[in-house]
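> here is a sequence together with a model predicted from it:
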Amino acid sequence: MEWLEASTENCPVQRTLDVIGDRWTLLILRDAVNGVRRFDDFHRHIGLSEAVLSNRLRKLTSAGILRTVPYQDPGSRSRNEYRLTRKGWDLWPVLMALGQWGEAYTLGTTGPVLDVHHTDCGAPVRVVVECTTEHTALTPRDVTARPGPDARLRS
């Protein structure tokens, strides 16, 4: 089976975009990775409406990407913080890749907006694609992609 013969209904990229594929969700994930946890902080920092934020947080929680943790400020009612789950943290390389692309192609030349570096040595961090035997920094020319065992024929 060739790629154009394969159905896209069970494509992992499409299924991922069904969960995280809108602008607001990606910005919520960006902030969560950078330590934002509270509804009011997401709202203030991203600038989206409360209704849209509530909807996206609910969707991310239902998908198991975020989990809620109760907290209570003195003199206030109990509320929930939103924390990334293991499944949520597994999206970190995706966010890093989007940021890396954005730094290269959409910004000025004054430097990065967010300085991400290796804590131990201080070197900048970059996203690379590698094979499971650790041949690092592969390019699209170095790989072959073909439909896998879960691929279905287009109808």
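Received the coordinates, thanks.
> this structure: strands as residue ranges?
Listed in chain order, the strands of the chain (DSSP state E) span 66-71, 79-84.
> deepest-packed of the ones you listed, please.
Mean neighbour count (mean count of other Cβ atoms under 10 Å) peaks for strand 79-84 among those, with a mean of 16. Just so you know, the C-beta spots here come from the backbone N, C-alpha and C atoms, and that holds for glycine as well.
> pull the number of nearby residues for residue 50.
Residue 50 is flanked by 11 other residues according to other Cβ atoms under 10 Å.
> not including adjacent chain positions, what is the nearest residue to it?
In space, and not counting its chain neighbours, residue 50 is closest to residue 43: 6.2 Å by Cβ to Cβ, 6 or more residues apart in numbering.
> state whether that neighbour and residue 51 are indeed in contact, as I suppose.
No: with contact defined as Cβ atoms under 8 Å, residue 43 does not reach residue 51; the gap is 10.6 Å.
> out of the strands of the chain, which gets nearest to residue 97?
strand 79-84 (17.1 Å; Cβ to Cβ).
> starting at the chain centroid, how far to stretch 8-22?
Centroid displacement of stretch 8-22 relative to its chain, using Cα atoms, centre = their mean, to the nearest Å, is 13 Å.
> average model confidence for it?
Taken as a whole, stretch 8-22 has a mean pLDDT of 90.
> show me what it is in contact with.
Stretch 8-22 has contacts (Cβ atoms under 8 Å, 6 or more residues apart in numbering) with 25-26, 29, 56, 59-60, 63, 65, 91, 150-152, 154.
> how does it look with 6 Å?
Outside stretch 8-22, the residues that touch it by Cβ atoms under 6 Å, 6 or more residues apart in numbering are residue 63.
> give me the beta-bridge partners of the nearest residue to residue 61 once chain neighbours are set aside?
By the measure of Cβ to Cβ, 6+ apart, the closest residue to residue 61 outside its immediate chain neighbours is residue 68, 6.2 Å from it. Using DSSP bridges, the beta-bridge partners of residue 68 come out as residue 82.
> show the pLDDT at residue 68.
With respect to pLDDT, residue 68 has a value of 98.
> most remote residue from this protein's center?
Distance from the C-alpha centroid of the chain, by Cα atoms, centre = their mean, peaks at residue 75 (34.9 Å).
> and the gap between that one and residue 39?
Remark: distance between residue 75 and residue 39 (Cβ to Cβ, to the nearest Å) = 18 Å.
> do the same with residue 93
Look at residue 93 and residue 39: by Cβ to Cβ, they are 26 Å apart.
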